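> have a look; sequence and predicted model below, questions after that.
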Amino acid sequence: MRLKSTKTIISILVAIAVIITLTSVELSKNHVDTRNIDRRVSSTQSQDSSLRLITIRSDGSPLYGAVFSVSPNPFGGSNNYIAKDSSIGAGESTGGIIMISGMVPGDYNVTELKAPEGYVVNGSSRMVELTSKHTSTSAFVHLHSNSNSTQNRDVIYSAKFECGSVSGNDGPLRPGHYTTDISVFNRQLYTVPFLWNVAVNNGKNTISILKTLQPQTSTSIVCKDILQLFNVHNNTGNLVEGFILIRPQLDLTSFSGNTATVFSRPVAQDQRDLLDVQAFYSANALLTLPHDVTMDKVLFSIVNDTSMKLPVSMIQKPLDITVASPVNRIIDPASQVRTALSANYNLSSQDLAHIDIHIISVSLGTSTTVDDHAISSFQVRPQSTS
């Protein structure tokens, strides 16, 4: 009897232990699942973008010790993210380069807080756009604190552009189609690279695009180039307008990376007018392009009008009308006359059946050009931005 009781007690203890173990395992499983769910929520926004900040002299050589502020904080902090160049000197291959990885794609404002020792802080803030799985590069160029900065200026050409169509009458532009052509000529005897970008009205600036002009050569920026920056390939329904910004660059240093925002040495005062920039505008207020139209002069008379809808003075009297004569098409002059009478005197098809028309002769009139076309151009002068 005592042995049976002992076995019963042992069985109860084992059962309790199994229950406790199963409960612990279940709680452990629930706890792990909760952490996994939390991780999935936090990883819904990919952190696969990178930002490369480069600090250089005006000749393109690297500088060390700059400090930058990045806003908003790419890692979720309430304060701006502070990026410091920890390189010591020219012996380091990564000197002057700050690489920030694991950033969430988006728009960030980068501002230099501290310049390398002996150099002036580059006070311009940059808006940098980061896209998924790409690296954007922004370079900050510095002048020595002892240099005469008044001898150097950033030069910019800004030209207005109008691209697309206007259909309503609620704006300053008449309904029609508008195009812009910005022509750039390098008058120098040496190569001149330049950066251009677009500032669209009530929108964001586009990234800068680098073009290089060989000596005494030219290029153009047309509406097709502008609209492609906004992924618009055939704009016939809306008007896009804003400014094209052209900045000549000297001693340009190229950087690796998927996307680069590059700023080179400012242009000297005696080199401000490096380029000839002309803006050419074209406007057509018609749905179709200008074209030639041949006109026919039809001499006719109204023999009889039993509808009594036409003025009596028109009956049995020589009359004429000028009508369009499409090329290589067979036309019926009497039908054209009837169409004109119907439009002018509000005649129905039954009324026209009671009108007897006699065509006397048809003669070829002069050709005329249908056009509501306007063009204009002006020279864009360079301006100093600092």
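Thanks, I have it. For clarity, every value in this text was computed on a predicted model and none was experimentally measured.

> for the rest of this, base every contact and every neighbour count on C-alpha atoms.
OK.

> hang on, Leu352 in a helix?
Yes. Under DSSP: H, G, I helix; E, B strand; the rest coil, Leu352 falls within a helix.

> okay, now the closest residue to it other than its chain neighbours: neighbour count?
Once flanking residues are discounted, Leu352 sits nearest to Arg338: 6.9 Å by Cα to Cα, 6 or more residues apart in numbering. Residues within reach of Arg338, counting by other Cα atoms under 10 Å, total 18.

> could you do Phe243 as well?
17.

> please apply the same query to Ile156.
Using other Cα under 10 Å, Ile156 has 22 other residues around it.

> helix or strand for the residue nearest to Leu352, which one?
helix 333-345 (DSSP states H and E).

> returning to that earlier point: what distance do you get for the residue nearest to Leu352 to Ile355?
9 Å (Cα to Cα, to the nearest Å).

> thinking again about what came up before, show me what the helix holding Arg338 is in contact with.
The contact list for helix 333-345, computed with Cα atoms under 8 Å, 6 or more residues apart in numbering, reads 298, 309-310, 321, 323, 347-348, 352, 357-359, 362.

> where in the stretch 1-150 of the chain is pLDDT low?
Along the stretch 1-150 of the chain, the model assigns pLDDT under 70 to residues 1-45, 58-60, 87-95, 122-124, 143-150.

> all helices of it, in order?
Ranges of helices in the stretch 1-150 of the chain, per DSSP state H, counting those that start in this stretch, are 2-42.

> with the stretch 151-300 of the chain instead?
223-228.

> next up, the contacts around the nearest residue to Ala139 once chain neighbours are set aside.
Leaving aside its chain neighbours, Ala139 sits nearest to Ile54 (4.5 Å; criterion: Cα to Cα, 6+ apart). With contact set as Cα under 8 Å, 6+ apart, Ile54 has these partners: 62, 96-98, 137-140.

> which two of those residues have the greatest separation?
Pro62 and Thr137 (14.4 Å; Cα to Cα).

> the more surrounded of the two?
Just comparing Pro62 and Thr137: by other Cα under 10 Å the higher neighbour count belongs to Thr137, 24 against 17.

> okay, Asn258: pLDDT?
Here, the pLDDT recorded for Asn258 equals 43.

> what comes up buried for the helix holding Arg338?
Across helix 333-345, burial judged by 16 or more other Cα atoms under 10 Å covers 333, 336-338.

> what does stretch 191-211 give?
For stretch 191-211, using 16+ other Cα under 10 Å, the buried residues are 192-200, 205, 207-208, 210.

> which of the contacts of helix 333-345 fall in helices?
Leu352 (DSSP state H).

> looking at the contacts of helix 333-345, which has the most residues close by?
Ranked by neighbours (other Cα under 10 Å), those are led by Val298, which has 21 neighbours.

> for the residue nearest to that one when sequence neighbours are not counted, give me its contacts.
Spatially, and ignoring its direct neighbours in sequence, Val298 is nearest to Val362 (4.6 Å; Cα to Cα, 6+ apart). By Cα under 8 Å, 6+ apart, the contact list for Val362 reads 296-299, 333.

> one more time with 7 Å, if that's ok
Neighbouring residues of Val362 by Cα atoms under 7 Å, 6 or more residues apart in numbering: 296-299.

> which of the residues you listed are buried, as a PyMOL select command?
In PyMOL, this line selects whichever of the contacts of Val362 come out buried by 16+ other Cα under 10 Å:
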select buried, resi 296+297+298+299
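
> relative to Lys204, how far out is Glu129?
Taking Cα to Cα, one finds Glu129 at 11 Å from Lys204.

> cool, and Ser46?
Applying Cα to Cα to Ser46 and Lys204 gives a distance of 23 Å.

> same thing with Leu310?
63 Å.

> just Ile330 next, same as before
In terms of Cα to Cα, Ile330 sits 55 Å off from Lys204.

> would you map the strands across the stretch 251-386 of the chain?
Per DSSP state E, counting those that start in this stretch, the stretch 251-386 of the chain carries strands over the ranges 259-261, 267-268, 275-284, 291-305, 319-324, 355-370, 373-380, 383-384.

> only the buried residues of the fourth one, if you could.
Pointing back at strand 291-305 there. The neighbour-count check on strand 291-305 (16+ other Cα under 10 Å) flags 295-302, 304-305 as buried.

> quick one: it to helix 333-345, angle?
Using axes from the mean of the first three to the mean of the last three Cα atoms, to 10 degrees, the inter-axis angle of strand 291-305 relative to helix 333-345 is 80 degrees.

> next one: the third one
For strand 275-284 against helix 333-345, the angle by the same axes, to 10 degrees is 90 degrees.

> which non-adjacent residue is nearest Asp276?
Nearest one to Asp276, counting by Cα to Cα, 6+ apart, is Phe185 at 5.0 Å.

> thought Gln278 was touching the one you found, still the case?
No. Phe185 is not in contact with Gln278 according to Cα atoms under 7 Å; the separation is 8.6 Å.

> out of the contacts of Ile54, which are inside strands?
Members of those lying in strands (criterion: DSSP state E): 97-98, 137-140.

> mark which of those are buried, thanks.
97-98, 137-140.
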